[in-house]
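> sequence plus the predicted model coming up.
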Amino acid sequence: MAREKISLQFRNARPGDRDAIRKLTLSAYEEYAPLMPSHWEDYRENILATLAHVEPAEQIVAERGGAIVGTVLLYPAGTVFSGHDNVSITLASPEVRLLAVAPAARGQGIGTALMRECIRRARRSGAAVLTLHTTDLMHVAMGMYERMGFKRVPEIDFHVDQDLTVKGYRLNLADLPEGP
């Protein structure tokens, strides 16, 4: 008997999703803890702080069969962040942050589908460009971003310290065919 494939649904997160999103996001990122021992606790605290106050981002969830299997934040252009060394950064374009897929649901195209939803929403907002930041530790995600057409943009990198560079990527939305 063939297993029925349940389709993926996207929606904005609701207040009641907060605990599930936090748990899913931490479980997705915890694999990096042993790879970044000197930075993990700060990174974990940053994830928790970001998830506690997501505004003005759109917090998008991917749901399958009523369960949240992925989540991402899409910040609008103009969002101001307090960066490292208390330097303020204003986003020139929408930016994707904290893409997370439940470990048990990986390899099913959920991360790509969430990124396509971000692209669709960025286009709908009239944006010409979509950006994101990632690290070499996240090589699977980096490969996905590059396959989707994101290009490295070193001028938007930032350095946590001498041994950790957070790399900037940009997708020119005009380079993509119409549709998601």
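Arrived safely, thanks for sending.
> show me what contacts residue 13?
The neighbourhood of residue 13, defined by Cβ atoms under 8 Å, 6 or more residues apart in numbering, consists of 21, 54, 59-61, 71. (Glycine included, C-beta is placed from N, CA and C.)
> typed the wrong thing, it's residue 124
Applying Cβ under 8 Å, 6+ apart, no residues qualify as near residue 124.
> what's the spacing between the longest helix along the chain and its chain's center?
With DSSP state H applied, the helix covering the greatest number of residues in the chain is identified as helix 110-124. Shown here is helix 110-124, whose average C-alpha point lies 10 Å from the average C-alpha point of the whole chain (Cα atoms, centre = their mean, to the nearest Å).
> and the helix or strand of the chain with the lowest mean pLDDT, which strands flank it?
Scoring the helices and strands of the chain by mean pLDDT, DSSP states H and E places strand 158-161 at the bottom, with a mean of 78. Using DSSP bridges, the neighbouring strands of strand 158-161 in the sheet come out as strand 164-172 (antiparallel).
> in the sheet, who's paired with residue 59?
When bridges are taken as DSSP bridges, the partners of residue 59 come out as residue 73.
> from residue 178, how far out is it?
When Cβ to Cβ, to the nearest Å is applied, the distance between residue 59 and residue 178 equals 26 Å.
> most neighbours, which of the contacts of residue 13?
By neighbour count, taken as other Cβ atoms under 10 Å, the most surrounded of those turns out to be residue 71 (26 neighbours).
> what residues does the helix or strand containing that one touch?
Residue 71 is part of strand 67-75 when elements are defined by DSSP states H and E. For strand 67-75, contacts defined as Cβ under 8 Å, 6+ apart pick out 8, 13, 17, 20-21, 24-25, 50, 54, 56-63, 91, 94-102, 105, 110-111, 113-115, 117-118, 121-122.
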